[in-house]
Structures are given as C-alpha cells and as structure tokens.
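Visitor: Next come a sequence and a model predicted from it.
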Amino acid sequence: MAREFSGYDAEPRAKIVESYTSDNPFPKEYRAGLDDAGDQSRYSDLHRGLHRELRPWIAQSGVYDVLLVDAKGNVVYSVAKESDFGTNFVDGPLRETTAARTFLHVAANVPVGRTYLKDFEVYAPSGLPAAFMARRCSLTAANSLA
C-alpha cells in the first residue's frame, strides 16, 4: 500500500486523500465507514482489503486509529481519515506532533520487528490525548511484512 500511494504524483495522491476525507460521503466522525472511494485505483483496491480487516479490529480493541507511514514519513493509510492522512511527518504540518516524533525515533533507532511506545499527549487531528505505538516493518522476499 505504501509503494502504491507514494508512487503517485502529487495531484493523483491529493485526489485520493480528498476522496477519503473531504469528499467522503460519511460525516467526519464516521469517515472510517468508507471502504472504497469508487475511483477504480489500485490504492482503493488495497485500501478496501486492509480497511475491512482493520475497522472491526479498531471497534473491538478500543484503539482510536491505525496509521501506516512509509519510510519517507508519508501517512499512506489511516482508519479514521483525519487530517493526518496524506501528510508527511518529516516536513508536513504535523512534524512537531508526538506522532511525528515517534515516527522519527523509530525510523532512526528501533530495529525492524521491535515495538516502541510513546506516552500520551494531545494529538492535533483528533484534539484528544493519544499514545503512539510504532513498529518498524520491512517486506520480505515473499512480499509479507517482517
């Protein structure tokens, strides 16, 4: 999914973000209800599959959101589809947040497969206290996450 999202030029990437956020037919607090933007993109195909797995898990676990961030700091997926989706944690508007600091720490200091937990702090997109758990992943030769 990261490879697909990051592979788009700025304009198609912005359209995908709009499709799942501002053009989402669900109200802001229910944006997670949209499985597929209906744009026939490869991203939406991948989104639909992942979203149908993560949305029930979010509801059951009580976790507020799950973000997938690529190696360059691009937020390529979010269940909740708040203002962090489509931004960049390195040089974007959220670069000073706990989420961005967590990403940068993990990218620089945490080995693949290890998990890092950052304590609670108010997170701008939701306006709520949030703790962040991050895990650095890599693709294996069989294209599965390690």
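Guide: Alright, I've got the coordinates.
Visitor: Which is the succeeding secondary structure element to the strand or helix carrying Q60?
Guide: Assigned by DSSP states H and E, Q60 belongs to helix 42-61. Along the chain past helix 42-61, the next helix or strand (assigned with DSSP H and E) turns out to be strand 67-69.
Visitor: Give me the residues contacting the helix or strand just after that following strand.
Guide: Stepping forward along the backbone from strand 67-69, the first helix or strand reached (DSSP H and E) is strand 75-78. Identification of contacts with strand 75-78 by Cβ atoms under 8 Å, 6 or more residues apart in numbering yields 1-2, 5-6, 47, 50, 65-70, 84-89. (Each C-beta comes from the backbone N, C-alpha and C, glycine too.)
Visitor: Okay, buried residues for strand 75-78 please.
Guide: For strand 75-78, a neighbour-count test (16 or more other Cβ atoms under 10 Å) marks 75-78 as buried.
Visitor: okay but R48 is in contact with G38, surely?
Guide: No: R48 sits out of contact with G38 when judged by Cβ atoms under 8 Å, with a separation of 10.2 Å.
Visitor: The two: which is more packed in?
Guide: More neighbours surround R48 than the other of R48 and G38, with 14 against 10 (other Cβ atoms under 10 Å).
Visitor: show me the contacts for that one.
Guide: When the contact criterion is Cβ under 8 Å, 6+ apart, the partners of R48 are 35-36.
Visitor: And the pLDDT at it?
Guide: Each residue has a pLDDT score; the one for R48 is 96.
Visitor: Quick check: the gap between it and D35.
Guide: Separation of R48 from D35 (Cβ to Cβ, to the nearest Å) stands at 5 Å.
Visitor: cool, and V66?
Guide: Between V66 and D35 the distance is 15 Å, computed by Cβ to Cβ.
Visitor: for P12, same thing?
Guide: P12 is 20 Å from D35, by Cβ to Cβ.
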